[in-house]
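K.L.:
predicted model and sequence follow; I will ask about them next.
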Amino acid sequence: MERNDFIIRKKIYKYMLTGVLTTIALQLGNVVDAMIVGHLLGSLGNGAVSASTPYIYTLQAAAILLGSGGAVSLAVLLGRRELRRAGTVMGFCMLFSILYPLIFTLLSPVLVPSFADLVGATGQLREMILDITAVYSLGMPVLSFALVMAYLMNVDNHPAMTARMHIVANLTNLILDYILVRFTPLGIKGAALSTILGYLVAGLIFIPLYFKSRNRMVTPAFKGLFKDSELIRGILKNGFPNLATLFLTVISVSLINAAVVRALGNAYFSAYAVGNNTQLIVQMFLNGVSSVIASVAGVLYGEKDYYGMRRVLSRVVRTGLLIGVVIMVIFLIVPQGITALYGYDNPEIEPQLLEGLRIFSLSFIFFVLNAISQNYYRTIGQTFLSTLSSAMELVILKVPLMLLGMKLFGFRGLFAAIIISELLAFLILHLIRWVLQLAGRVPQKGFMAIPERNNDELCSFTISGSDDRAVKVSEQIIDFCTGQGADPGKATAMGIATEELISNIGRYGYRDSDKKYIDVCLSKTGRSFILRLRDDGLPFDPVSFEVPEHEEYNITGLELITKLAVKITYMRVISLNNTIIEIMDSKEGKEIE
């Protein structure tokens, strides 16, 4: 019997679909915001939205740090079955997602005009920037809390609910966008206000539903938040690469925006803003694909399921590259469709913008590879590599190359430099990773940088959940245990219990009798044998399940394993049932009666 990725593959595409839907919903609001503003308020309004991005990103820093870092920490802790600590992670992230943006709300009378001065904009462009940043400063505590909860809900068995929350938020946002910008005197303030109100409405609907859900595994804990300093460091460490990416984006965008405004003027800056905003279209799909790494591979990493992680990464890379190629072809063939979406209305500069978009599209493949690298290395705890990739991609390489490109080749040079910076960032990162692996500072060889398999693993395979297969698994489990010198009585008990658990899962955990697949993994840690059964059936705990009175079912094996086991646990993680049995192979274990 061999292991396959049937169960994990289904979860990859389920989480990938919801991840793409989530990022589409999330980014579509920003994309259509810019489109509505461009059509109703002109290219200058579009430029104001782009110029305000660094300040808005700074306001979102806590949401990015706590959301991404908390999600990875939560996934790994769920993989390790540490529910209490997972609750502390959720409580910490919820609390500080509100406290951080409140500081900016209180200081907004000083910070908002200071930012407008930093951009260097004048006249109507400056007034629009002031309006956007002031509204976001007031409403960011609501937006930040909703975004953090979306990250955490996604990991805790609710990816579909997360996607629906983003969809409702952005549908509300877009409807209000048009109404407030078109029919009220709020103007560009209405575009910012609609985003806040969209997430307020969605949060009030879906966050209470999450806390009422029976599929939720984590309960937030607020007492003793600072007692577990290791846990807090883990959240910050896991979220740091994304936070660094955010601030590096702020630095990069601020420097390049200011350079374009001063060197080329407001007209070219508005054209560049269109190119800048098209990145959101790319990110809608590619960030959704790479988000699977944190939500699914994070749990598998906590479980030390390295086979599963390899399958996740392989499929994410292939899917990401395919989507990147498709989007690139669209940009190459119909760039004028992109400019039309944003209501760009300067015929003198538009030919240069179309050429720039075609050039820019050639960077999408490298963008995919860099995004996947950053998410993957962050998930396996290689924070340095993840952060280094972001730093090179956004500032160290991108800013100097874009400024040099603009100086040498004008407006077109800005876009050509992006291709070079993305390619160099990928090549240099993996050269450094290779050097660190040779020096022994990064484990294993190759891109994955994880072991081929868990060193404690004795056997791992996938079976169909039928009674005849359960008998064969029982025999194999007994053989593996006795081969490791286990007490014959305990080896037999483990085999019998495994047989009955698999039969229980196959009989009661699935509606479709033809699609029963169960991953079985046996490992030995110290003096303990640990058996993990994983299936993708209905939420079903085979240990506590009570057989209906009209059915006859022998539970002698489960009674036996209850007497011998040190621990029997059940959890539903990433919408998979996980049953863990641990038996101590020593004189300290209970004797068979």
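P.N.:
The structure has been received and is ready for your questions. All values derive from a computational prediction rather than experimental measurement.
K.L.:
so where's the stretch 401-550 of the chain uncertain?
P.N.:
465-468, 508-509, 511-515, 540, 542-550 (pLDDT under 70).
K.L.:
in it, which spans are helices?
P.N.:
With DSSP state H, counting those that start in this stretch as the criterion, the stretch 401-550 of the chain has helices at 411-438, 467-483, 488-508.
K.L.:
out of those helices, which one sits most buried?
P.N.:
Neighbour counts (mean count of other C-beta atoms under 10 Å) averaged over each of these peak at helix 488-508, with a mean of 22. In short, each C-beta sits where N, CA and C put it, glycine included.
K.L.:
list the contacts of the helix or strand encompassing Phe384.
P.N.:
Taking DSSP states H and E as the criterion, Phe384 maps to helix 383-391. Contact with helix 383-391 is made by 237-238, 240-241, 244-245, 248, 370, 373-375, 377-378, 425-426, 429, 432-433, 436, 442, as judged by C-beta atoms under 8 Å, 6 or more residues apart in numbering.
K.L.:
ditto for stretch 401-415
P.N.:
Here stretch 401-415 has contacts from 255-256, 259-260, 263-264, 268, 271-272, 275, 349, 352-353, 355-357, 359-360, 416-418, 420-421, using C-beta under 8 Å, 6+ apart.
K.L.:
which among the contacts of helix 383-391 count as buried?
P.N.:
238, 240-241, 244-245, 248, 370, 373-375, 377-378, 425-426, 429, 432-433, 436, 442 (16 or more other C-beta atoms under 10 Å).
K.L.:
so which of the helices of the stretch 401-550 of the chain comes closest to Ile330?
P.N.:
Closest to Ile330 of these, according to C-beta to C-beta: helix 411-438, at 16.2 Å.
K.L.:
the contacts of stretch 401-415 in helices, which ones?
P.N.:
The helices in this structure, assigned by DSSP state H, contain 255-256, 259-260, 263-264, 268, 271-272, 275, 352-353, 355-357, 359-360, 416-418, 420-421 from the contacts of stretch 401-415.
K.L.:
tell me, what residue is most central in the protein?
P.N.:
The residue lying closest to the centre of the chain (C-alpha atoms, centre = their mean) is Ser291, at 3.3 Å.
K.L.:
verify the contact between that residue and Arg378 for me.
P.N.:
No. Using C-beta atoms under 8 Å as the test, Ser291 is too far from Arg378 to be in contact (11.5 Å).
K.L.:
may I ask which helix or strand of the protein has the lowest mean pLDDT?
P.N.:
Least confident helix or strand of the chain, by mean pLDDT, DSSP states H and E, is helix 556-564 with a mean of 60.
K.L.:
next secondary structure after it?
P.N.:
In N-to-C order, the element after helix 556-564 by DSSP H and E is strand 565-573.
K.L.:
re the thing from before, of the ones in helices among the contacts of stretch 401-415, buried ones?
P.N.:
With burial judged by 16+ other C-beta under 10 Å, the buried subset of the ones in helices among the contacts of stretch 401-415 is 255-256, 259-260, 264, 268, 271-272, 275, 352-353, 356-357, 359-360, 416-418, 420-421.
K.L.:
show me what contacts Thr319?
P.N.:
The neighbours of Thr319, taking C-beta under 8 Å, 6+ apart as the test, are 16, 289.
K.L.:
can you offset everything so residue one is 43?
P.N.:
Okay, residue one is now 43; in that scheme the one you just asked about reads as Thr361.
K.L.:
buried sites along the strand or helix carrying it?
P.N.:
In this structure, Thr361 sits in helix 348-375 according to DSSP H and E. In terms of neighbour count (16+ other C-beta under 10 Å), helix 348-375 has its buried residues at 348-355, 357-359, 361-363, 365-366, 369-370, 373.
K.L.:
mean confidence (pLDDT) on it, please.
P.N.:
Helix 348-375 comes out with an average pLDDT of 89.
K.L.:
same check on stretch 382-399?
P.N.:
What stretch 382-399 shows for mean pLDDT is 84.
K.L.:
straight-line length of it, end to end?
P.N.:
Stretch 382-399 has its terminal residues 13 Å apart, counting by C-alpha to C-alpha, to the nearest Å.
K.L.:
give me the buried stretch members for that stretch, please.
P.N.:
Under the neighbour-count criterion of 16+ other C-beta under 10 Å, stretch 382-399 has 383-386, 388, 391-392, 394-396, 398-399 buried.
K.L.:
nearest to Tyr220, of these?
P.N.:
Set against Tyr220, the nearest of those by C-beta to C-beta is Gly385 (13.4 Å).
K.L.:
for the closest one, give its distance to Val161.
P.N.:
Between Gly385 and Val161 the computed distance is 22 Å (C-beta to C-beta, to the nearest Å).
K.L.:
which residues in the stretch 143-292 of the chain form helices?
P.N.:
Here the stretch 143-292 of the chain has its helices, by DSSP H, counting those that start in this stretch, at 165-197, 201-225, 230-254, 271-306.
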